[in-house]
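Q: Sequence plus the predicted model coming up.
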Amino acid sequence: MDSLPFLRERDVAVLGNDGVQDVQPSGYGPDLTRPVHTAGLVALGLWLIDNMELTELAAVCRDEPRWEFFFAALPSRMVGVTSSASNPVGVF
């Protein structure tokens, strides 16, 4: 949660991780178990991508060697939901 001001100052729009963004337990008490999800989604409008498989991407970046690329991830269009599967794509 302490990183959220850092992300806001840089206008970060998407945060992806090969796990989840929140530490368990959060350290913010029993009522705030996932503060990055709670504050990031609501206060910052941050898109969160949990459980990304980054092994192949890391290998390609190492082999290129390039660490910058275009990234697109379009979620399924659904009404009344808070999450969706997506098919993220990196283009070098």
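A: All right, it came through fine. Numbering: from 1, shown residues only.
Q: any chance you could map the strands in the protein?
A: Counting by DSSP state E, one finds strands in the chain at the ranges 14-16, 47-49, 70-72, 89-91.
Q: any weak-confidence spans in the protein?
A: Judged against pLDDT under 70, the chain has no low-scoring part.
Q: how far away is Thr38 from Val60?
A: Using C-beta to C-beta, to the nearest Å, Thr38 is found at 34 Å from Val60. C-beta: built from backbone N, CA, C; applies to glycine.
Q: re the thing from before, mean neighbour count added to the strands of the chain, as a markdown table?
A: Shown next, in a markdown table, are the strands of the chain (neighbours: other C-beta atoms under 10 Å):
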| stretch | mean neighbour count |
| --- | --- |
| strand 14-16 | 15 |
| strand 47-49 | 16 |
| strand 70-72 | 10 |
| strand 89-91 | 11 |
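Q: State which helix of this structure is the longest.
A: Across the chain, the longest stretch assigned as helix under DSSP state H is helix 55-63.
Q: What is that helix packed up against?
A: Contact partners of helix 55-63 among helices and strands, from 3 or more C-beta pairs under 8 Å, 6 or more residues apart in numbering; DSSP states H and E: none.
Q: Need the residues that contact that helix.
A: For helix 55-63, contacts defined as C-beta atoms under 8 Å, 6 or more residues apart in numbering pick out Trp67, Phe69, Gly90, Phe92.
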